[in-house]
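Undergrad: Give me a 3D structure for the following:
(one chain, ligands or ions: 1)
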Amino acid sequence: MSIEMKSAPLVAREIENLKKRCDSLKAKGVTPNMKVLLVGENKASLIYTRNKKRFCEKFGAECEIINLNENIKEDEFLNKVREISNREDVHGCFVQLPLPKHLQHIDCGALIAPEKDVDGFHDHNIGELFKGDPKSNGLMPCTPQGVVNLIEFYGHELSGKNVVIIGRSLIVGKPLSLLMLNKNATVTVCHSRTAHLQEHTKRADIVVSAVGRPRFLTSEYLSKDKNQILVDVGINHDADGKLCGDMDYENIKDLCAGITPVPGGVGPLTILSLAQNLLQAAENSL
Ligand code: NDP
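TA: Below is the predicted model of the structure:
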């Protein structure tokens, strides 16, 4: 019998923690304050940023979406991000991606002060992740941190486990491999050039897929006898326009010990991690 690893119970528990931490900061005269820079009117980005704002307000933090014109000049954009990031009353700041084409070459993580980089994209924070010092107060990348939190929430130790991650992007696969290595897992990172992918996934204790292909991971990739934990980061639409993950959920859910659904699995944890980073940034500022 496999367990459906939904994120809702973890989010509910963590909102209570965030409220307590936020109240304690307010008692010290600090209201956690996040600024989101949104360029243009990309529909998905508008929804994501509103969700982030609503989430922050649930536990008492402030969050403002600063909407910049789609045609903003590069200089003006750079100055605006730096100006906001340098404000003393701002504890966390990020640029909602994707940017319009003429700004896409900019490394936004580098524009924001590392101690306010709630996305965890700044080289300093990537360096902290790379070093893996458990005492570091670096801000960790959101989706990977959410994946680790979810696995641990459902009682699965990472230490000593064989983890196979499919995908090596800068926002999911690569940073996740470091987070899990720092938790003493034995990590294999696979990608589009990996030979014999099934051989890797079949021997894994935990398989994480961050590929972006609807229902790509079928039963042929799995080992029925290993009680595997399957974590699906993918957010895709199938040919009928239905939201689905990278995993062939209906056909594999009974072949493993635990599996995250899409939607309702990893997805909501990115915002939770962002909020946790905001509070950590505000606490670090004391
Ligand atoms: P990218 O497109 O940046 O990376 C995809 C990775 O998958 C690449 O490393 C690629 O390999 C690998 N890949 C592609 N095809 C294959 C294949 N046939 N076999 C093995 N590996 C393959 O995607 P992202 O990391 O940005 O996102 C991945 C998925 O996760 C998407 O569905 C996205 O929507 C979702 N996502 C969800 C989030 C959330 O839950 N909040 C947050 C971020 C992403 P190569 O490097 O060789 O090209």
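
Undergrad: Quick one: distance of stretch 89-106 to the chain centre.
TA: Centre-to-centre, stretch 89-106 and its host chain are 16 Å apart (C-alpha atoms, centre = their mean, to the nearest Å).

Undergrad: Residues contacting it, please?
TA: If you take C-beta atoms under 8 Å, 6 or more residues apart in numbering as the criterion, stretch 89-106 is touched by 30, 32-40, 42, 45, 48-49, 70-72, 74, 77-78, 81, 84-85, 108, 111-113, 116-119, 121, 274, 277-278, 281-282, 285. The way it works is simple: take the backbone N, C-alpha and C, and place the C-beta from them, glycine included.

Undergrad: what's the first-to-last distance across it?
TA: End-to-end span of stretch 89-106 (C-alpha to C-alpha, to the nearest Å): 25 Å.

Undergrad: in it, what's buried?
TA: For stretch 89-106, a neighbour-count test (16 or more other C-beta atoms under 10 Å) marks 90-96, 99, 103 as buried.

Undergrad: Turn these into CSV, including distance to the ligand.
TA: Below are the buried residues of stretch 89-106 laid out as CSV (distance: C-beta to the nearest ligand atom, whole Å):
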residue, distance to the ligand
V90, 24
H91, 22
G92, 18
C93, 19
F94, 14
V95, 15
Q96, 13
L99, 15
L103, 19
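
Undergrad: how about the helices in the stretch 101-250 of the chain?
TA: For the stretch 101-250 of the chain, the helices defined by DSSP state H, counting those that start in this stretch occupy 108-111, 123-131, 142-153, 173-182, 197-202, 249-252.

Undergrad: Report the buried residues of the first one.
TA: By neighbour count, with 16+ other C-beta under 10 Å as the criterion, the buried positions of helix 108-111 are 108-109, 111.
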